[in-house]
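J.: just need the structure, nothing else, for what follows:
(chains A and B)
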Amino acid sequence: MKLVVTVVGKDRVGIIASVSQILSENNVNILSINQNIMDGFFNMVLIAESTEANVKLLDLQKALKAQGEAMNVDIKVQHEDIFQAMHTV
Amino acid sequence: MITFENIFETNRMITENKLDVRTITMGISLRDCAHPNIDKFCQNIYEKITRSAEFLVKTGEDIEAEYGIPIINKRVSVTPIAIAADACRTDSYVPVAEAMDRAAKEVGINFIGGFSALVEKGFTNGDRILIDSIPQALATTDLVCSSVNLGSTKAGINMDCVREMGEVIKRTAELTRDKEALGCAKLVVFCNAPGDNPFMAGAFHGVSEADKVVSVGVSGPGVVKHALEELKGADFTEIAETIKKTAFKITRVGQLVAREASRRLGVPFGIIDLSLAPTPAVGDSVARIIEEMGIESCGAPGTTAALALLNDAVKKGGLMASSHVGGLSGAFIPVSEDEGMIRAVEKGSLSLEKLEAMTCVCSVGLDMIAIEGDTSAATISGIIADEAAIGMINNKTTAVRVIPVPGKKVGDVVEFGGLLGYCPIMPVRNAYSSEAFIARGGRIPAPVRSLTN
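T.: Here you go, the predicted model:
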């Protein structure tokens, strides 16, 4: 299944590196990354494929949440279907 | 293809505008639990509820985590106990309520509904036992919700039951007086009650439903208000269009959750209830949507029109987003559960009488309204009769959930806690007696519009 990882918070060095490292460690494949900085705030949407992942979604959420807290940014991992449901007919 | 903006819009709705799924409710039929021995019956229903709903809470929590959408309540509704327990040789259904309460606690749900009777045309013996048992049942249980349907467009209004329910509400208040009459917050009187409503306190599993179904109640007043904030000065066509689009998005999330819950639990999907259900939290209020449309304080002239537009647009937007729509489906106006309504009552702009007018154009009725504890049973019955008449004539669901708090007067505030919120005691402005009217009893005949064949 496809996962949507969103990161929001104050910009700093190494946010993408640390997120992608956790995904890599868990064999989650990154499909696209869209990122920008607005008024010093870091916004990122990363779409990933987790079919081959060696981790359960809930555990991946916990790992990324903890990493986000360490970097003072908010990291969410959600099943892609919620966005598809809301924004496509 | 979903875009960057789509993703942030969804997550902003959830984090800033308090978008949530209000409830996943599993309806469970208890028609196969009947037994003349009440202990055996209680054992049957306990086993059926705990077996059927064993994974309901876990499934809800899993969906919540995976999709990142809060699911506030996981609930169960059952066949009206007056029907399921009709075969029991007993004079009290209080032990049945206690068995429901134990089952609800065992599976970890928030509420269980269905301590109910459907008596719009008349009483069976079971109906009478159930209604007599309500005060004690609500006083001795924590999670059981009760409802009585005493009117319908097809059958008219059972005025004997209207009279009795005034007294039942008073007795329930008295028996739970140490908890601000909390028992009355778990008791709803209906006209035209739907059998597939997932919302408490009025949920029960209708007799025409399948053995088990999963239904979902959506929410999202904060999202609608936020959408309207960007439309200062826009005309009503634009307001209605925006509400429709917003309701569509909210409902699509509800449909997704319902489909997933149904699949994972192996239980058929019932309906989505398209209701804007407020909470006492700031930013989650139906009253504030009305105020956003240009009413200075909810209850001022124009409020009913604003609510009518809101209610209709929510339905139009939600209908296409779900394969099956049902339940109550409309904006709720529970006073104590809506931060803006509470403020409007405190300011004096919102009265019981204005709320009654508002119930003509939305779901559901006079809901979560605290009144003085010495309000007479006949006055409460009069309020119920008026509300039931609105439902009967307009072919819609109406309900009354009033709480006559013992020892409290206008000027006092009562706190129910949690999603039930808090409320200033509201005055029943016209204190003239309804006694002789209520004492008549009998049935108000079904209206002309019931003859549709």
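J.: thought residue B:434 was touching residue B:377?
T.: No: the pair residue B:434 / residue B:377 is not scored as a contact, 9.9 Å apart, by Cβ atoms under 8 Å. Every residue, glycine included, has its C-beta placed from N, CA and C.
J.: pretty sure residue A:83 is touching residue B:9, no?
T.: No: with contact defined as Cβ under 8 Å, residue A:83 does not reach residue B:9; the gap is 9.0 Å.
J.: and those two? Which one has more around it.
T.: Counted by other Cβ atoms under 10 Å in any protein chain shown, residue A:83 and residue B:9 do not tie: residue A:83 has more neighbours, with 24 against 16.
J.: if I look at the closest residue to residue B:210 other than its chain neighbours, how far off is chain A?
T.: Counting by Cβ to Cβ, 6 or more residues apart in numbering or on different chains, residue B:210 lies nearest to residue B:268, which is 5.7 Å off, once chain neighbours are set aside. To chain A, residue B:268 is 20 Å away according to Cβ to the nearest Cβ, to the nearest Å.
J.: likewise for residue B:419?
T.: 23 Å.
J.: what about residue B:70, how many neighbours?
T.: 14.
J.: ok, it - contacts?
T.: B:14, B:20-21, B:64 (Cβ atoms under 8 Å, 6 or more residues apart in numbering or on different chains).
J.: give me the subset of these lying in helices.
T.: B:14, B:64 (DSSP state H).
J.: just put the contacts of residue B:70 in a markdown table and tack on distance to residue B:205, neighbour count and pLDDT.
T.: Below are the contacts of residue B:70 laid out as a markdown table (distance: Cβ to Cβ, whole Å; neighbours: other Cβ atoms under 10 Å in any protein chain shown; pLDDT from 0 to 100):
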| residue | distance to residue B:205 | neighbour count | pLDDT |
| --- | --- | --- | --- |
| B:14 | 30 | 20 | 91 |
| B:20 | 24 | 25 | 91 |
| B:21 | 20 | 27 | 94 |
| B:64 | 24 | 18 | 95 |
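J.: what's the closest of the contacts of residue B:70 to residue B:289?
T.: Residue B:289 lies nearest to residue B:20 out of the contacts of residue B:70, by Cβ to Cβ, at 16.3 Å.
J.: need the pLDDT of the nearest residue to that closest one once chain neighbours are set aside.
T.: For residue B:20, ignoring the flanking residues on the chain, the nearest one in space by Cβ to Cβ, 6+ apart is residue B:70 at 4.1 Å. Confidence at residue B:70, expressed as pLDDT, is 94.
J.: near chain B, which residues of chain A? Just list them.
T.: Counting by Cβ under 8 Å from any Cβ of the partner chain, chain A comes close to chain B at A:4, A:6, A:34, A:43, A:45, A:57-58, A:61, A:76-88.
J.: swap the cut-off to 7 Å and go again
T.: Of all the residues in chain A, those in contact range of chain B (Cβ under 7 Å from any Cβ of the partner chain) are A:4, A:6, A:34, A:45, A:57-58, A:61, A:76, A:78-79, A:81-87.
J.: from those residues, which land in helices?
T.: A:57-58, A:61, A:81-87.
J.: now for those residues: which two are most distant?
T.: Pairwise distances across those (Cβ to Cβ) peak at 24.7 Å, for the pair A:58 and A:87.
J.: dump the ones in helices among the residues of chain A next to chain B into TSV; add pLDDT and distance to residue B:276 as well.
T.: Shown next, in TSV, are these (pLDDT from 0 to 100; distance: Cβ to Cβ, whole Å):
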residue	pLDDT	distance to residue B:276
A:57	92	30
A:58	92	31
A:61	95	29
A:81	94	24
A:82	95	20
A:83	95	22
A:84	93	24
A:85	93	19
A:86	94	17
A:87	93	20
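J.: between those residues, which sits nearest residue B:313?
T.: residue A:86 (17.7 Å).
J.: what's around the closest one, how many residues?
T.: 23.
J.: what's the distance between it and residue B:247?
T.: For residue A:86, the distance to residue B:247 equals 12 Å [Cβ to Cβ, to the nearest Å].
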